[in-house]
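**Q** Pasting the sequence and the predicted coordinates here, then a few questions.
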Amino acid sequence: MSDTEREIAELKMRISKIESQMSSLLRRLNIGAEEAPARDASAVVIELVKKGDKKGAIRAFMDETSCSLSDAKRYVESLEA
């Protein structure tokens, strides 16, 4: 992976984390959002889901996005379907 590709991947992860935090803040403030921000699972999370390691995938997604346990669980379960 080149330096540029690595920087792009890092920026995507940072954006995903910020989107997750924003979504959490909107929920806590009871503010409706017209459209929830999209979250993309990393290759690590997807691989853990494929291996059947649901707990590992949830933990990895929480680490990547700083979202709540319930949000991470809901998201990982959506990937299983």
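**A** Yep, that arrived.
**Q** From here on, just use CA atoms for contacts and neighbour counts.
**A** Noted.
**Q** Tell me the pLDDT of E5.
**A** Looking at E5, its pLDDT reads 91.
**Q** what helix or strand does it sit in?
**A** helix 3-28 (DSSP states H and E).
**Q** name the helices or strands packed onto that helix?
**A** helix 54-65 (3 or more CA pairs under 8 Å, 6 or more residues apart in numbering; DSSP states H and E).
**Q** how about low-confidence regions in this structure?
**A** 31-39, 81 (pLDDT under 70).
**Q** Residue most distant from the centroid, it?
**A** Most distant from the centre of the chain: S2, at 23.7 Å, with distances by CA atoms, centre = their mean.
**Q** Return the backbone torsion pair for it.
**A** phi -80, psi 170 (degrees, to the nearest 10).
**Q** How about the contacts made by F61?
**A** 41-42, 45, 67, 72, 76 (CA atoms under 8 Å, 6 or more residues apart in numbering).
**Q** picking that back up, report the buried residues of the helix holding E5.
**A** 13, 16-21, 23-24 (16 or more other CA atoms under 10 Å).
**Q** Take those residues and write them to CSV, including distance to G56.
**A** Formatted as CSV, the buried residues of helix 3-28 follow (distance: CA to CA, whole Å):
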residue, distance to G56
M13, 18
S16, 19
K17, 18
I18, 22
E19, 22
S20, 19
Q21, 21
S23, 23
S24, 22
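**Q** Farthest-apart pair in the residues you listed, please.
**A** M13 and S24 (16.6 Å; CA to CA).
**Q** Okay, angle between the helix holding E5 and helix 54-65 too, please.
**A** 100 degrees (axes from the mean of the first three to the mean of the last three CA atoms, to 10 degrees).
**Q** any idea how far helix 3-28 is from the chain center?
**A** For helix 3-28, the separation from the chain centroid amounts to 8 Å (computed by CA atoms, centre = their mean, to the nearest Å).
**Q** going forward can the numbers begin at 541, since that is how I track them
**A** In the new numbering, first residue 541, that becomes helix 543-568.
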